[in-house]
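> Generate a structure from the sequence data that follows.
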Amino acid sequence: MKQKALRSNRIWSIVMTIVCVIYMYPIFMVLMNSLKVESAISTSTAFDLPNAETFAGLANYENAIGSQGFLLSLFYTAFITITSVLAILIFCSMFAWYITRVNNRFTKILYLLCAFSMVVPFQMVMFTLSSLADTLHLNTPWVLWIIYLGFGAGLAVFMFCGFMRSVPIDMEEASMIDGCSPIQTYFHIVFPLLRPTMISVAILEAMWIWNDYLLPTLILDIQKYRTISMLIQFFKGSYGRVEMGPMMACIMLAILPIIVVYLLAQKHIIKGVVAGAVKGWAASGERPRRSPVPFGCAWIFERDWGVV
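All right, here's what the predicted structure looks like:
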């Protein structure tokens, strides 16, 4: 029986390895072409590995960084991603806490609207959204997080609500009795428990916003503001000429940060999806920290978790 299970595991390991190689091959191909000279990148030679004659070193990367305003586009992309993710985490977690704890018809309708927003294609509202953003002056990177908050709220609220339903309400009731306001209860009781799910939501939303091309292209003035995804198309020159080497290098530079973030935080994705509040803290082996707020709720973690 053990040999049969071991054989089955080996087969699945081989199958999944092949699948991973297939998925990783396009990234590997882009990386190889980013190290070639311009003349060696064509339809017939795109799959060839660089050799002594075609190897360009880091010249394409230097060209990509030094031209087309790459560093400024990197700043815009990072700013939009960070502000949007922070807004989604704070507002959506508070909203999910509200509709989970206030159980009435109105909150149920709000939850259904958030769930429905996940199935509405962006193409249905993109032209109306573009006109509305121009009217409300939301067409700059400094306020684009407001639009991303609306589109990212569906998934975030859905995940936060699933997590909040497993959180015992006893600690929140005790904090109210001890004099905490709802805001204090949220930030010093509920917020720390949401950390695993927040990490999962942050990674998923960051991957989407960082790589998004359509929404910034519709909303932003491309002559003034360009994200990295928008910048890649500007390596096309006149008369159909395309700078393939710098373009491939720019693509690698664009996906590298999000890959690094995902690899560093991938263990938190599964933990955030499957862990409940109490179960999540117990599995992590961490002790809840004493709150610095000088209210009665400061000792609730220690009392409810048996920490003396």
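> got the buried residues for the helix or strand hosting residue 13?
If you go by DSSP states H and E, residue 13 is part of helix 2-34. Within helix 2-34, the residues scored as buried using 16 or more other C-beta atoms under 10 Å are 30, 32-34. (Glycine included, C-beta is placed from N, CA and C.)
> between those residues, which is nearest residue 131?
Distance to residue 131 across the buried residues of helix 2-34 (C-beta to C-beta) is lowest for residue 30, with 35.7 Å.
> residue contacts, the closest one?
248, 251-252 (C-beta atoms under 8 Å, 6 or more residues apart in numbering).
> So which of those belong to helices?
Among those, the members falling in helices (DSSP state H) are 248, 251-252.
> ok, back up a step: show me just the buried residues among the contacts of residue 30.
If you count burial by 16+ other C-beta under 10 Å, the buried members of those come out as 248, 251-252.
> where does the stretch 101-250 of the chain dip in pLDDT?
Counting by pLDDT under 70, the stretch 101-250 of the chain contains low-confidence residues at 237-240.
> Do you have the helices of it handy? List them.
In the stretch 101-250 of the chain, the helices defined using DSSP state H, counting those that start in this stretch lie at 105-117, 126-135, 144-164, 170-177, 182-185, 191-193, 195-211, 214-219, 228-231, 244-274.
> can you put those in a markdown table and add distance to residue 95?
Below are the helices of the stretch 101-250 of the chain laid out as a markdown table (distance: least, C-beta to C-beta, whole Å):
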| stretch | distance to residue 95 |
| --- | --- |
| helix 105-117 | 8 |
| helix 126-135 | 21 |
| helix 144-164 | 6 |
| helix 170-177 | 16 |
| helix 182-185 | 13 |
| helix 191-193 | 13 |
| helix 195-211 | 13 |
| helix 214-219 | 22 |
| helix 228-231 | 28 |
| helix 244-274 | 18 |
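> And these: which comes nearest residue 92?
Proximity to residue 92 (C-beta to C-beta) singles out helix 144-164 among these, at 3.8 Å.
> So for that closest one, what gets flagged as buried?
Those would be 144-145, 147-149, 151-161, 163-164, for helix 144-164 by 16+ other C-beta under 10 Å.
> Pull the contacting residues for the residue nearest the centre of the chain.
In the chain, the residue lying closest to the centroid (C-alpha atoms, centre = their mean) is residue 206, at 2.2 Å. For residue 206, the contacting residues are 81, 85, 258, 261, by C-beta under 8 Å, 6+ apart.
> Of the contacts of residue 30, which is the nearest to residue 127?
Nearest to residue 127 among the contacts of residue 30, counting by C-beta to C-beta, is residue 251 at 28.2 Å.
> confidence score at the closest one?
The model reports residue 251 with a pLDDT of 87.
> In this structure it contacts residue 235, no?
No: counting by C-beta atoms under 8 Å, residue 251 does not reach residue 235; the two are 9.7 Å apart.
> got the domain boundaries for the chain?
Split into domains by automatic domain parsing, the chain comes to 1-57, 76-304.
> So for residue 64, which of those domains sits nearest?
Residue 64 lies closest to domain 76-304 among these, at 4.2 Å (C-beta to C-beta).
> Run the chain-centre distance for the following helix or strand past the helix holding residue 13.
Where DSSP H and E defines the elements, the next helix or strand beyond helix 2-34 is helix 59-66. In terms of C-alpha atoms, centre = their mean, to the nearest Å, the centre of helix 59-66 is set 27 Å apart from its chain centre.
> Now do helix 59-66 against helix 2-34, angle only.
Helix 59-66 and helix 2-34 meet at an angle of 70 degrees, taking axes from the mean of the first three to the mean of the last three C-alpha atoms, to 10 degrees as the criterion.
> contacting residues around helix 59-66?
Helix 59-66 is touched from outside by 34-37, 70-71, 235, 243, 245-250, 252-253, with contacts defined as C-beta under 8 Å, 6+ apart.
> Likewise for stretch 119-129?
147, 151, 214-215, 218-219.
> So which elements touch the helix or strand hosting residue 90?
Taking DSSP H and E as the definition, one finds residue 90 inside helix 70-101. Helix 70-101 makes packing contacts with helix 105-117, helix 144-164, helix 195-211, helix 228-231 when contacts are defined by 3 or more C-beta pairs under 8 Å, 6 or more residues apart in numbering; DSSP states H and E.
> packing partners for the second one?
Spelled out, it's helix 144-164. Here helix 144-164 touches helix 70-101, helix 105-117, helix 195-211, helix 214-219, helix 244-274, going by 3+ C-beta pairs under 8 Å, 6+ apart.
> and with 6 Å instead?
Helix 144-164 sits against helix 70-101, helix 105-117, helix 195-211, with contacts defined as 3 or more C-beta pairs under 6 Å, 6 or more residues apart in numbering; DSSP states H and E.
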